[in-house]
Each structure stands twice: as C-alpha cells, then as structure tokens.
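**Student:** here is my input; please provide its structure:
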Amino acid sequence: CVALAKLELPASLNDFSAASFNGCTALAGITVAAGNKAYKAVGETIYTADGKTLVMVTSKNSTLIMIADGTEVIAEGAFDVAANVTTIMFPETLISVKARALDVTNWYATQNGIVYIGSLVYGAKGAVTDAIITEGAKAISDDAFKGVKLNSVTLPQSLVRIGNGAFADTAIKAVVIPDSVTYIGIGAFENCKALADVKLSAKLETLETGAFKGCAALAKITVPAGVKAISADVFADCEKLAAVELTAVEEIEEYAFSGCKALKTITLPATVKECSPLAFLGCKALEAIAVAEGNKVYKSVDGVVAVANEEGEFNTIAIYPAGKAGEYAVPAEFKNIADKAFYDCDSLEQADLRLGLETLGSLAFAYCEKLKAASIPATVSGISGNPFAGCVGVESFTMDKGNPEFIEVDGVVYDKTMYTVVYYPTSLTAESYQFPATVQEIAPGAFAGAKIKNIEIPTRITAIPADAFSGSALEAIAFHTGITTIGDH
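**Tutor:** Sure, this is the predicted structure:
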C-alpha cells in the first residue's frame with residue numbers, strides 16, 4: 001500500500017507485527033485506539049501493552065528514536081518503515097533484538113566491528129574473524145554473528161543470555177560458555193561444522209531447540225545439572241558425538257540426538273521422567289541405552305528401555321536402540337510394545353513376538369526396513385495403529401487365527417468387526433485395493449509402504465490419519481467431498 005500514510009489500529013486488535021506494513025513507503029504514523037489491551041502508541045512507536053516489546057517505529061520520517069525505559073525486546077522488522085533513523089537512544093533494560101532488526105537503519109550503516117547496545121551485543125559489521133566480547137556484556141542478540149566468517153569467540157563472565165542463531169553458520173572450533181550464562185537460544189550454534197570442543201555453563205538452565213544442531217565435529221558433551229530438558233534437535237546431526245553425560249535431565253524430546261551416527265551407548269540418569277521414542281532417531285550405531293539406578297520410570301533390559309506402568313511394573317518396551325542388530329526375541333516380562341518403540345531400527349532383521357504380548361503400539365516397528373517377517377500373536381488385544389508401517393522388507397506376514405480382537409482377510413488386517421483397516425502388509429503385491437463395505441476408519445500408517453498404486457476413499461470414511469499412505473507406491477487417490485481431516489505425512 002504505497003499511498004498509505006496514516007491509520008489507527010482498532011481496540012479489538014490483539015495480534016500484529018511490523019511485517020503487516022511491508023512496502024508501505026509513505027507511512028508517516030500509526031495510532032492505537034483507546035481501549036486496546038494488547039498495544040499502546042508512544043509518539044512514533046508502538047509497544048506491547050506491558051511496554052516490554054517495541055513492536056514498530058511507525059514513521060518513515062523518523063530520524064531520532066528514544067526507546068522507552070523498561071523495553072526488553074525490539075521485535076523483528078520493528079524499524080523496517082523507519083530506515084532513515086540515524087540516532088537511537090537505547091534503555092539499559094534491553095536484552096534482545098530480534099533477527100537483525102536494526103540492519104535497515106542509517107544508524108547501523110555508521111557502525112563498524114562488534115556492535116554494542118549498552119550491555120547487549122547486537123552483531124558484527126565489517127570483517128570480524130576473532131570476536132572478544134567485552135566484559136560487562138550481558139546478552140548476545142538473535143543472529144548476532146550468524147554467517148560471519150568467525151574463527152574464534154571469547155565470552156565474558158558477565159554474559160547471561162545467548163540469543164537465537166547467535167553464532168550459527170560460523171567456523172568457530174571451540175567455545176567456553178561462562179558459568180554466568182543461563183540461557184542458550186534456538187539454533188544458537190547450529191551448523192558450526194568445525195565446533196569440536198564445547199564447555200557448557202555450570203549454571204545453564206535452558207538449551208533451546210537445535211542449539212547445537214549440525215555441529216558435525218562435536219565429539220563429547222556434558223549437560224550440567226541445571227538443564228532439566230533436552231529440547232528437540234538440540235544435538236541432532238552431531239555426527240561425531242560419541243560421549244554424552246546427562247547430569248540431571250528430566251525430559252528428552254523427540255529428535256534431541258537424531259542422526260548422531262557415532263553414538264554407541266548412552267545412559268539416562270535417574271532423574272529422567274520422560275524420553276521420546278524418537279529422541280535417538282537415526283543413531284545407527286546405538287547398541288544399548290542404559291538407565292541409572294534409582295530411576296522409577298525407566299529401566300534398561302539388555303540395552304532396551306522399558307517403561308513402568310502405574311503399578312510400577314516395567315512391562316512395556318519403550319525404546320529399542322537403532323544399532324542393536326539381528327534378531328530380537330521379546331522377553332516374557334514384557335506385555336506391551338509402546339508407540340514407535342522400534343521406529344526406524346534398520347539393523348533389526350527379525351522380531352519374535354511371543355504369546356502373552358497384549359498390545360502393539362501405533363508405528364511400533366515402523367520403517368524397520370530390514371525386518372523380513374511380521375506377525376501378530378493371538379494374545380494381542382490392542383493395536384492403536386499399524387505397528388509395521390513402512391516395513392518394506394517384510395516378505396511374509398502371519399496373523400494368529402486364534403486372535404479374538406483382529407482378523408485377517410485376503411492378507412489385510414482389520415479389527416474383528418471390520419470397522420477399521422489396521423494393516424495392509426507390504427508383502428501384498430496387488431496394485432489396487434477396495435475397502436470392504438463395513439470399513440469406516442483407517443488406522444494410522446495402515447498403508448505405509450504398501451505397493452498399491454490406486455485407491456478410492458469411500459464416502460463413509462471422513463478422516464485420513466497420520467502416515468496413512470506414507471512411502472506407498474500410490475499414483476492416484478480419489479477423495480470425496482466429505483473428507484474432514486488429513487493427517488501429517
């Protein structure tokens with residue numbers, strides 16, 4: 001809207017960003033209507049109602065901006081309209097500037113070297129190869145050195161916070177995070193391919209998603225006691241990571257260590273209360289997962305992680321290490337296999353499921369591509385989704401005819417009433433499939449990896465669940481107008 005000069009944000013507005021006005025080159029001012037509970041206007045600026053975030057400088061004519069005391073964050077794109085600003089007065093309370101929000105301004109054009117805003121490190125301008133951050137700096141802003149040709153960095157004892165992407169895509173080889181640091185942001189050191197040596201702060205509390213993702217040279221790491229959660233992707237694709245110490249972690253999220261190809265063993269501490277079955281996805285060398293004594297939720301049985309039920313019985317397989325090769329016979333003590341417990345375990349060639357097993361979780365053996373045979377014992381009474389989704393190596397499938405809850409018809413597994421299609425084995429060679437008249441539901445992953453090329457969804461089926469046809473040979477699928485949901489993958 002190149003002619004838009006002024007406007008008022010209505011009292012009802014509760015969410016907007018400076019990006020809403022990209023390209024409004026004539027904009028000279030925005031006001032906020034009385035009664036708005038989310039935002040407030042202060043001169044030529046708009047803040048969140050609590051005054052902690054500068055959302056936008058609203059005039060193209062602005063040359064001097066005094067950011068209000070109490071402001072902690074400058075939002076992404078906040079100065080996009082006000083590129084003519086030459087002077088900015090920053091408050092001492094500022095701790096974060098999002099996504100290089102000041103780069104568009106004339107103020108930034110005059111900077112050189114490491115750029116400071118009070119105690120905040122904003123970034124680098126010009127050639128900076130060795131960054132020595134001045135003592136007194138408390139925070140490093142988002143993307144501060146991202147992509148800079150940085151070989152080394154020295155951090156001060158005053159530092160408290162390292163922002164999102166702060167050192168991503170740099171060539172640093174080692175970093176000592178001072179003990180004053182409590183927070184490391186999303187992707188802070190992502191894709192630092194040469195980073196081989198990392199010492200984390202003893203007082204660290206938060207490691208955000210992907211903090212060290214893709215640090216291919218990193219060989220060992222000790223996570224301090226203050227960190228209670230390993231977020232998704234924190235150490236993903238650290239291909240040389242072989243030694244991990246988790247001091248007092250309570251939660252490990254999905255993909256936390258995915259793709260750590262050199263990891264052969266790991267110990268879950270006694271403090272762990274929740275560990276995703278996908279935490280170690282793609283760790284092809286992982287042969288055993290140990291659990292420290294005293295853990296009341298998990299225990300290790302021959303390197304396989306079991307989880308306790310409400311009665312404290314460890315009768316469910318929770319996580320199978322992807323590098324544990326060959327044949328696995330489910331021990332008699334286990335009655336259940338949890339969702340995704342064996343997910344993508346390419347080294348597994350045979351799984352002997354014994355009588356006495358009661359439940360098979362959804363995608364329990366999904367994408368175990370070397371698995372040659374699949375079976376469902378007569379005692380299994382619960383299957384929440386296709387346990388063998390994407391097992392393209394399966395050459396034979398058997399369904400115990402004595403099973404009271406599930407039935408096999410023409411090689412396809414259904415629940416006993418044939419209301420739900422549970423598993424279409426990859427060993428079947430037909431190129432098309434017709435749903436029986438009774439079927440009204442598709443289980444998650446039911447046709448994953450199947451060889452069928454054509455299928456028509458009947459009107460009585462209204463939802464396509466997650467992984468339903470993932471990795472299949474489908475070339476054509478006919479939907480009807482009554483489909484209400486289509487799941488992921």
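
**Student:** pLDDT score for residue 208?
**Tutor:** Per-residue pLDDT puts residue 208 at 98.

**Student:** how about residue 222?
**Tutor:** Predicted confidence (pLDDT) for residue 222: 98.

**Student:** cool, and the one 10 residues further on?
**Tutor:** With respect to pLDDT, residue 232 scores 97.

**Student:** correct me, but it touches residue 253?
**Tutor:** Yes. Here residue 232 reaches residue 253: they are 4.5 Å apart, a contact under Cβ atoms under 8 Å. Every residue, glycine included, has its C-beta placed from N, CA and C.

**Student:** could you measure from residue 329 over to residue 351?
**Tutor:** Taking Cβ to Cβ, to the nearest Å as the measure, residue 329 falls 8 Å from residue 351.

**Student:** neighbour-wise, which of those two wins?
**Tutor:** Remark: of residue 329 and residue 351, residue 351 carries more neighbours, 24 against 10, as counted by other Cβ atoms under 10 Å.

**Student:** need the per-residue pLDDT for the more buried one.
**Tutor:** Confidence at residue 351, expressed as pLDDT, is 94.

**Student:** can you tell me who it pairs with across the strands?
**Tutor:** Under DSSP bridges, the beta-bridge partners of residue 351 are residue 328.

**Student:** against residue 304, how distant is it?
**Tutor:** Remark: distance between residue 351 and residue 304 (Cβ to Cβ) = 12 Å.

**Student:** how about residue 188?
**Tutor:** Going from residue 188 to residue 304 by Cβ to Cβ gives 34 Å.

**Student:** okay, the two: which has more neighbours?
**Tutor:** Higher neighbour count among residue 188 and residue 304: residue 188, with 29 against 21, using other Cβ under 10 Å.

**Student:** wait, what's in contact with the more buried one?
**Tutor:** Residues in contact with residue 188, defined by Cβ atoms under 8 Å, 6 or more residues apart in numbering, are 162-168, 208, 211-212.

**Student:** what ranges does this structure have for its helices?
**Tutor:** Per DSSP state H, the chain carries helices over the ranges 106-109.

**Student:** who touches stretch 247-260?
**Tutor:** The contact list for stretch 247-260 (Cβ under 8 Å, 6+ apart) reads 222-239, 241, 244, 246, 263, 266, 268-269, 271-283, 286.

**Student:** over to stretch 136-147?
**Tutor:** If you take Cβ under 8 Å, 6+ apart as the criterion, stretch 136-147 is touched by 95-100, 116-117, 119-124, 128, 131, 133, 153, 156, 158-170, 185.

**Student:** count the neighbours of residue 103 for me.
**Tutor:** Using other Cβ under 10 Å: residue 103 sits among 18 other residues.

**Student:** show me what contacts it?
**Tutor:** By Cβ under 8 Å, 6+ apart, the contact set of residue 103 is residue 123.

**Student:** what distance do you get for the nearest residue to residue 19 once chain neighbours are set aside to residue 101?
**Tutor:** Leaving out its chain neighbours, the residue that sits closest to residue 19 by Cβ to Cβ, 6 or more residues apart in numbering is residue 77, at 5.1 Å. Look at residue 77 and residue 101: by Cβ to Cβ, they are 6 Å apart.

**Student:** now do residue 221
**Tutor:** For residue 221, the distance to residue 101 - Cβ to Cβ - is 32 Å.

**Student:** who's more crowded, the two?
**Tutor:** residue 101 (25 against 19).

**Student:** quick one: the more buried one and residue 82 touch, right?
**Tutor:** No. The pair residue 101 / residue 82 is not scored as a contact, 10.7 Å apart, by Cβ under 8 Å.

**Student:** re earlier: now, of the contacts of stretch 136-147, which are buried?
**Tutor:** The neighbour count (16 or more other Cβ atoms under 10 Å) marks 95-100, 116-117, 119-124, 128, 131, 133, 153, 158-170, 185 as buried among these.

**Student:** ends of stretch 257-271, how far apart?
**Tutor:** Terminal residues of stretch 257-271 are spaced 18 Å apart (Cα to Cα, to the nearest Å).

**Student:** what do you get for stretch 247-266?
**Tutor:** End to end - Cα to Cα - stretch 247-266 spans 12 Å.

**Student:** flag every buried residue along it.
**Tutor:** If you call a residue buried by 16+ other Cβ under 10 Å, then stretch 247-266 has these buried ones: 249-263, 265-266.

**Student:** for stretch 365-384, same thing?
**Tutor:** Of the residues in stretch 365-384, 365-371, 373-374, 376-380, 383 count as buried by neighbour count, 16+ other Cβ under 10 Å.

**Student:** low-scoring stretches of the protein, by residue?
**Tutor:** In the predicted model, the chain carries no residue with pLDDT under 70.

**Student:** list the contacts of the residue sitting nearest the centre point of it.
**Tutor:** Among the residues of the chain, residue 232 comes closest to the average C-alpha position under Cα atoms, centre = their mean, at 4.0 Å. With contact set as Cβ under 8 Å, 6+ apart, residue 232 has these partners: 209-210, 253-256.

**Student:** ok, which pair from those residues is furthest apart?
**Tutor:** With distance counted by Cβ to Cβ, no two of the contacts of residue 232 lie farther apart than 210 and 254, which are 12.4 Å apart.

**Student:** shared neighbours, residue 351 and residue 304?
**Tutor:** Taking Cβ under 8 Å, 6+ apart as the criterion, residue 351 and residue 304 both touch residue 328.

**Student:** circling back: and the contacts of stretch 247-260, which are buried?
**Tutor:** Listed as buried from those are 223-224, 227-239, 241, 244, 246, 263, 266, 268-269, 271-272, 275-283, 286; burial here means 16+ other Cβ under 10 Å.

**Student:** dump the residue contacts of residue 202.
**Tutor:** 179, 224, 226 are the contacts of residue 202 under Cβ under 8 Å, 6+ apart.

**Student:** let's see that with 7 Å instead.
**Tutor:** Contacts for residue 202 were tallied using Cβ atoms under 7 Å, 6 or more residues apart in numbering; they are 179, 224.

**Student:** swap in residue 477?
**Tutor:** residue 455.

**Student:** now residue 378
**Tutor:** By Cβ under 7 Å, 6+ apart, the contact list for residue 378 reads 355, 400, 402-403.

**Student:** between those residues, which is closest to residue 175?
**Tutor:** Residue 175 lies nearest to residue 355 out of those, by Cβ to Cβ, at 54.3 Å.

**Student:** ok, how many other residues are close to the closest one?
**Tutor:** Residues within reach of residue 355, counting by other Cβ under 10 Å, total 11.

**Student:** from what I see, it and residue 377 are in contact.
**Tutor:** Yes. Using Cβ atoms under 7 Å, residue 355 is in contact with residue 377, at 5.1 Å.

**Student:** distance of residue 77 from residue 166?
**Tutor:** Distance from residue 77 to residue 166, counting by Cβ to Cβ: 19 Å.

**Student:** quick check: closest non-adjacent residue to residue 35.
**Tutor:** Once flanking residues are discounted, residue 35 sits nearest to residue 11: 3.8 Å by Cβ to Cβ, 6+ apart.

**Student:** check the gap between that neighbour and residue 17 for me.
**Tutor:** Distance from residue 11 to residue 17, counting by Cβ to Cβ: 18 Å.
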